[in-house]
Structure formats: structure tokens, C-alpha cells
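*Asks:* predicted model and sequence follow; I will ask about them next.
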Amino acid sequence: MNFLKKIKNIHDFKNDPFGFIIDSIIIIVVNLLIPIPLSGRIVTQLRGPVLGFLTSLLVFSLFILTVIGTLLMTPLLMTSGFLKTFTLASESTLMADNGFHEASFPSQNPFGGSGLNYCTVSAYFMDSNYYLTFGKNHTGVDLVPSDSYFANSNAYKATKKIVIFSTINGKVNHYVDSEGGETVEVTNSDNSLKVMFIHFSDVLVNSGDTIKAGTPVGIMGSTGFSTGAHVHYEIRINSGGSWLAVNPLSYIQ
Amino acid sequence: MKDVELNPLNSNLRHLLQWGVILILALFLIVYFVFLSKGQNKTKNNTVYLQNGNLQVFDDKIAVSQFPDKLAFHYPYLVIIKPTQKTSIIYNLEEKRLEKNIKEIVLDYYKGNLLFNRGATTFYNKQDLGVLCEKAFIKSQSEILCVTNQYVKENNSKLVSINIKTREQKIIYSSSNLITDVSVMGNDIYFGEAEIQTHNNYIYINNKRIETPDIVSLIYQMNGELYFASFKSVLNNQKESSYLVNKNGAFKKEGEGILFYK
């Protein structure tokens, strides 16, 4: 019997060497895993369906892993800001506005352009309507882009996004305020004045950065205590250690 | 061969008939277009009211946000101001129609004359008045009533009369609190005031003060009577109401929402 078996094995090897090797491997592995007589031989006979089942199981497992991985990783990626390093960093270099005067005191509006040409004031400093609605003072101005902005702003033409620029040279502090508003403060070098921008959808600078007037700091949005997309622009002056809000429109020339 | 007789009418009668047909056709067209245009002006809904941020102006429904959207009233005009869209919508309540849409942040409108804020100042038509008004009313073609911040840092305001030609300002009333709205009916000047510390509210009729139970957000007139609207605010527990004002005081109008026209 052993002799005949050997002759058959040689015949099989000659006819289908690759199949013979695979069958031998399967028999050895299955015999080791399932200690039942002829288990290896039975699996070899059914190798087509078994291999198909195992391949399907592998593909299905990979699919499930991909789905679970995507579900778990997406929020982590979004909150980590990792994706922004690919998208917004390159925009940041595109959008630098050379029309701003480098200075420690602001003289332009954060949309660029001259005077208030590029923006419309939707709520004023100490707006009485704001106080009567919310019971608190409006310590800055709310600005939205004007028609002139959409027609003339190079930053908008290049990115189709409403880019907000720093109006002074200074050091950046980026934080989320108590209402959830993405906020950027830029404080001048002698710590006498700071400008604040609130409600960004995306922030383009990091805390600790030293930037110049004209550096893009964020994309206009509606995060935090906001009823619609706008930028809240605020100027505070250092008055004996406390930061006193002043009317930003008095500074825009 | 016998001549073919087209009709028994002679030339004069045929001309008369042709003129008759033209006249009937013209009459039909005139009547048709007159009725058509009247039909277009007819509205199904004859009221104007605000309820839960929705302003129903005849057949139109407009969403009005609590802030920064505003309303202004100068009978017969109602103005809906949407600053973030830099748009103001003006309705003529007497004629029950949309007067115009304007790409400005309007303070008041009356018979084609426009008072609006642009940048840091207020304009009357094309003239810069040199001051920023938060509320304003076109009193006449030579005078504007304007509520403006008195001090930069605080919520204090004053009511001034501005001579349109000379831009000269005359203080009518100065407040250490907030002047909330201003209006004119006949020869009487009306304005509202909110006390910041006490949260008391008042309406002034030619400087005569009447205490009101709620904020005087918007002074308006309806059927020849004076009303004021109180819009939703944290200062009034987010309730909107309207009040009839006369010499005896302010009386709340029952019912949901604020009625501006019926």
C-alpha cells in the first residue's frame, strides 16, 4: 500500500507540482491542528470551499477593521488638527496680505482694504440693541464682508474663504472661549494693546506665534455665542493692568 | 360671369365695423389689465404680526432673528433690517405691498427718503450726518431725530435733533441709561428708556414720563393709536408682547405675538 501510495504521490507531483505542495502543507497543518484521523485528507479534498471560506473571512475581517478604524479615527483626526496641517498651512502662505501696515497699533479692519470699504458693521461697540437682547455689553464690533470685499479681495479670490488678518504685530494666544467660540488674541510687544477675533471656523495660527499685521489668523465662522457667520473684532488697551475695551471703529482709518 | 358679392355692406359700413371691433378689443384689454393688476395687489392675509421670530407681512413670511435683525416703523412703512445680509426690506402697510429691498442697514424710511448706517456714521439719502445713530426717525425733510451713544465706554445715550442742512445737533434728552426707540406721531415725540440698574422701563410723550411694564423695543401706530412692542430679551424672560399707550398708562394687548397691522 505504501509503495502504491508513493507512486501516486510521484504521479500527482508530476501532474500538478504546486497543488501537491499546497495539499501537503494543508495536510500537515490540519493534522497538527485537528488531531482526528484523516482530517488533513478530508480538508484537502474540500480545499476549494475551505480556501474560499477562509479568503472571504479574511476580506470580511479587513472590511470590518476598516469601518471600525474609520469610525474611531475620524473624530480623533478632526479634533487633533492633524488634517489642518495639510490643508490650511498651505493656504496660510497663499493668503498673506501685504496691504497691512506693520504696527503695534491697529489702523485697518481685519478684512483688508482701506477704511471700512471691505466690511459692513452688523453690530456696533456697546450696541444698545445687543444689551436689550442679551443683557450684557457688546465690547467690540461685529463685521461681515461687504460686496466690495467679494469683488476685490485677493484673499477671497484665491481661496473662496473669508480670511481674517491680524491688524497688529504681536504674539498670538489661541483659545476657545466659555461659549465655544474659536478666539485669537494678538498682543503687541510692549503689552499695551491687544486685538481679539472671535467665532472663527478655522484658526490658522498657534499660541505663542509671533506674527505681523497682515498675517491670516483664521477663517470667518459662527462658533460660540453667535447667530450667524461674522467676526467679532475687539480692541483692548492695558489700563493699569486691566484690559479695557475701546471702540474699534475709532482706530480704523 | 357674374361678379362675386363679398357682403352687402358698403365701404363706409365696413370701416365702421372695423373700428367697432378695434374699440371692443381695446376695451376688453383695458378691463382685463385693470382687473389683473388689482388682483395681483390683493392679499389673502390682511394682517402683519410677529410671533416667535416669524414676521407675517400680509402673504409674506420673513424670519427675523432676535439679534442682529431689527424692525423700524414709520407709518405706513415697516422696515425689516438684516445687518448680516446688508439688506433692508420695506413694506407699505397702507398699500399692502412690498415698497422696496435696499442693500443698506436702514434706520428709517419715509416717502422715498432713506436714513441708514454705513460704516461709522449715519446717512440721510446721500448726506453724511457726521454722527452714528442707533435709532432714528425722519421727523421732516429738514429734521432727524437720532438716538446716539453719549459716552464711548458706557451704555448711555442721548436723543438729538439734527438739522439736515446744517448738520447742527440739538440735545432733546440726555439719559444715563438707554434710550430704546424714538418715534413721532402728529406733533408729539415719543421715546422709550430702559434703566440699566433697576430694569425699570418708561415711555416718554413729549418729555412726560409713563412707566411701562416691559421694554419699549419699538414704538408704532395702528389704527391711529400708539403702541409699543417688547421683543424677546433676557431682561423680560424671553417674552414678546405689545402694549397700547395712552395718557393713563400702558396696557398689554392680549393674544399671542405682536400685531402691527390689521
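*Replies:* Perfect, thanks for sending it. Numbers count the residues shown, from 1 in each chain, chains lettered A, B, ... in the order given.
*Asks:* count of neighbours near residue B:256?
*Replies:* If you count neighbours by other Cβ atoms under 10 Å in any protein chain shown, residue B:256 ends up with 10. (C-beta placed from N, C-alpha, C; glycine too.)
*Asks:* pLDDT wise, what is it at?
*Replies:* The confidence metric pLDDT takes the value 82 at residue B:256.
*Asks:* tell me the contacts of it?
*Replies:* When contacts are counted by Cβ atoms under 8 Å, 6 or more residues apart in numbering or on different chains, residue B:256 touches residue B:51.
*Asks:* any chance of the backbone angles for it?
*Replies:* Main-chain torsions, residue B:256, degrees, to the nearest 10: phi -80, psi 140.
*Asks:* who in chain A is up against chain B?
*Replies:* Selection of chain A residues close to chain B by Cβ under 8 Å from any Cβ of the partner chain yields A:115-116, A:120-135, A:137, A:142, A:144, A:146-147, A:227-230, A:244-247, A:249-250, A:252.
*Asks:* pull out the buried members of those residues.
*Replies:* Burial by neighbour count, judged by 16 or more other Cβ atoms under 10 Å in any protein chain shown, picks out A:116, A:120-134, A:137, A:142, A:144, A:146, A:227-230, A:245-247, A:249, A:252 from the residues of chain A next to chain B.
*Asks:* tell me which of the residues you listed fall in strands.
*Replies:* Per DSSP state E, strands hold the following members of those: A:120, A:121, A:122, A:123, A:142, A:144, A:245, A:246.
*Asks:* residue 19: neighbour count?
*Replies:* This is for chain A. So residue A:19, with other Cβ under 10 Å, has 13 neighbours.
*Asks:* my question was about chain B
*Replies:* The local packing of residue B:19 (other Cβ under 10 Å) involves 10 other residues.
*Asks:* are we agreed that it is in a helix?
*Replies:* Yes: under DSSP: H, G, I helix; E, B strand; the rest coil, residue B:19 sits within a helix.
*Asks:* would you mind measuring from it to chain A?
*Replies:* Distance, residue B:19 to chain A, using Cβ to the nearest Cβ, to the nearest Å: 55 Å.
*Asks:* where does that residue land on pLDDT?
*Replies:* In this model, residue B:19 is scored at 87, pLDDT.
*Asks:* relative to residue B:125, how far out is it?
*Replies:* 50 Å (Cβ to Cβ, to the nearest Å).
*Asks:* how far is the one helix or strand residue A:26 maps to from where the chain is centred?
*Replies:* Assigned by DSSP states H and E, residue A:26 falls within helix A:17-33. Distance, stretch centre to chain centre, for helix A:17-33: 51 Å (Cα atoms, centre = their mean, to the nearest Å).
*Asks:* so what secondary structure elements neighbour whichever helix or strand comes after it?
*Replies:* Next helix or strand after helix A:17-33 toward the C-terminus (DSSP H and E): helix A:39-45. Other elements packing on helix A:39-45 under the criterion 3 or more Cβ pairs under 8 Å, 6 or more residues apart in numbering or on different chains; DSSP states H and E are helix A:17-33.
*Asks:* the helix it packs on packs against which elements?
*Replies:* helix A:2-15, helix A:39-45, helix A:47-80.
*Asks:* CA atoms only: put that helix into PDB for me.
*Replies:* Presented in PDB, the C-alpha positions along helix A:17-33 are these (Å, rounded to 0.1, in the frame of the first residue of the first chain):
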ATOM      1  CA  PRO A  17       3.600  20.200  -8.500                       C
ATOM      2  CA  PHE A  18       2.100  23.400  -7.000                       C
ATOM      3  CA  GLY A  19      -1.100  21.700  -6.000                       C
ATOM      4  CA  PHE A  20       0.800  18.800  -4.500                       C
ATOM      5  CA  ILE A  21       2.900  21.200  -2.300                       C
ATOM      6  CA  ILE A  22      -0.200  23.100  -1.200                       C
ATOM      7  CA  ASP A  23      -2.000  19.800  -0.400                       C
ATOM      8  CA  SER A  24       0.900  18.500   1.600                       C
ATOM      9  CA  ILE A  25       1.200  21.800   3.600                       C
ATOM     10  CA  ILE A  26      -2.600  21.700   4.300                       C
ATOM     11  CA  ILE A  27      -2.500  18.100   5.400                       C
ATOM     12  CA  ILE A  28       0.500  18.700   7.800                       C
ATOM     13  CA  VAL A  29      -1.100  21.900   9.300                       C
ATOM     14  CA  VAL A  30      -4.600  20.400   9.600                       C
ATOM     15  CA  ASN A  31      -3.300  17.200  11.100                       C
ATOM     16  CA  LEU A  32      -1.400  19.200  13.700                       C
ATOM     17  CA  LEU A  33      -4.400  21.500  14.500                       C
END
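*Asks:* which stretches of the chain aren't confidently modelled?
*Replies:* Using chain A. A:1-12, A:77-95 (pLDDT under 70).
*Asks:* switch to chain B, please.
*Replies:* Filtered on pLDDT under 70, chain B yields the residue ranges B:1-9, B:37-42, B:150-155.
*Asks:* excluding chain neighbours, what is closest to the spatially most central residue of it?
*Replies:* Nearest to the geometric centre of chain B sits residue B:78, at 1.9 Å (Cα atoms, centre = their mean). Nearest non-adjacent residue to residue B:78, counting by Cβ to Cβ, 6 or more residues apart in numbering or on different chains: residue B:91, 4.8 Å away.
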